[in-house]
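> here's a sequence, model it:
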Amino acid sequence: MSLHDPSAVREEYSTEKGLLARRAAYEHADGPNAPELVFEAIAEVRPQSYLEVGCGPGELAARVQESFGAEVIAIDISPRMVELSRKRGVDAREGDVQRLPFDDGEFDCAVAAWMLYHVPDVELALDELARVLRPGGRLVAVTNGLDHLGELRELLGLPSRSKTTFSRENGAELLRSRFQRVDERDASGTVTFPDRDAIVAYVDASSSFFEGAGDVPDLDAPFVVRRAPVVFVATR
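Numbers count the residues shown, from 1 in each chain. From the prediction side, this is the model:
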């Protein structure tokens, strides 16, 4: 199963169960709060027209709509995520970031949070995101470093990641070819899994990230791993 295999991604996000299980692990995280860094980057420009791609259950889109009175559109390839977002009062639509059905320069701000590494053609996706932003508009793109949860991969007998389509290591370069300015906001820290059951739940909820994983061994103590998110803030 590939991290950017469309059929695998659709299956993984066909329900919210896996996403919620992964989020639960971050209740035991130390360091910067990456979702709050994302909202702060949006708040700096107080957008009146806002696009979120890969919106998930729609919490962020709804918060932007309520906070700034913005015209918000959210898209996701998952019908379930669209359904959940609509329940929050968001104009959510099924769609593909590689083919955005919007005019050039239609939005003040766009967000792609932890989703570009799922996209088969990330270059095309970034072209589309740049196209639909007005001159001076802002893209907030969030991803992880290749060493994200590296200790967990080692525990599961998996090799270190050598590449993904959009990561901390290559994201700035990809963005700078399309945007005038790109800033990086580090959100690195740690996650503590309190016991083996917590690790098993996280791995079971993350099949595309841990393909080929071995059994989780018995543990006598909490297991601490490094996390390596980064928030890219790109100006059109």
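> surely residue 144 touches residue 231?
No. Counting by Cβ atoms under 8 Å, residue 144 does not reach residue 231; the two are 10.9 Å apart. In this view, the C-beta of every residue, glycine as well, is placed from N, C-alpha and C.
> and stretch 21-38, end to end?
Chord length of stretch 21-38, first to last residue, is 21 Å (Cα to Cα, to the nearest Å).
> list the buried residues for it?
For stretch 21-38, a neighbour-count test (16 or more other Cβ atoms under 10 Å) marks 21, 22, 25, 29, 32, 34, 35, 37, 38 as buried.
> try stretch 36-56
Using 16+ other Cβ under 10 Å, the residues of stretch 36-56 that count as buried are 37-39, 41-42, 45, 47, 49-56.
> and what of stretch 69-85?
In terms of neighbour count (16+ other Cβ under 10 Å), stretch 69-85 has its buried residues at 70, 72-78, 80-82, 84-85.
> and the contacts of that stretch?
6, 9-10, 13-16, 47-58, 61-62, 64-65, 90-97, 100, 102, 107-108 (Cβ atoms under 8 Å, 6 or more residues apart in numbering).
> hmm, try it at 7 Å
Taking contacts as Cβ atoms under 7 Å, 6 or more residues apart in numbering, the residues outside stretch 69-85 that touch it are 9-10, 13-16, 47-58, 61, 64-65, 90-96.
> possible to save the buried residues of stretch 21-38 as JSON lines with secondary structure?
Putting these into JSON lines (DSSP: H, G, I helix; E, B strand; the rest coil) gives the following:
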{"residue": "21", "secondary structure": "helix"}
{"residue": "22", "secondary structure": "helix"}
{"residue": "25", "secondary structure": "helix"}
{"residue": "29", "secondary structure": "strand"}
{"residue": "32", "secondary structure": "coil"}
{"residue": "34", "secondary structure": "helix"}
{"residue": "35", "secondary structure": "helix"}
{"residue": "37", "secondary structure": "helix"}
{"residue": "38", "secondary structure": "helix"}
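> in a markdown table, list these along with distance to residue 120.
Formatted as a markdown table, the entries for those read as follows, by distance: Cβ to Cβ, whole Å:
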| residue | distance to residue 120 |
| --- | --- |
| 21 | 25 |
| 22 | 22 |
| 25 | 27 |
| 29 | 30 |
| 32 | 30 |
| 34 | 25 |
| 35 | 26 |
| 37 | 27 |
| 38 | 24 |
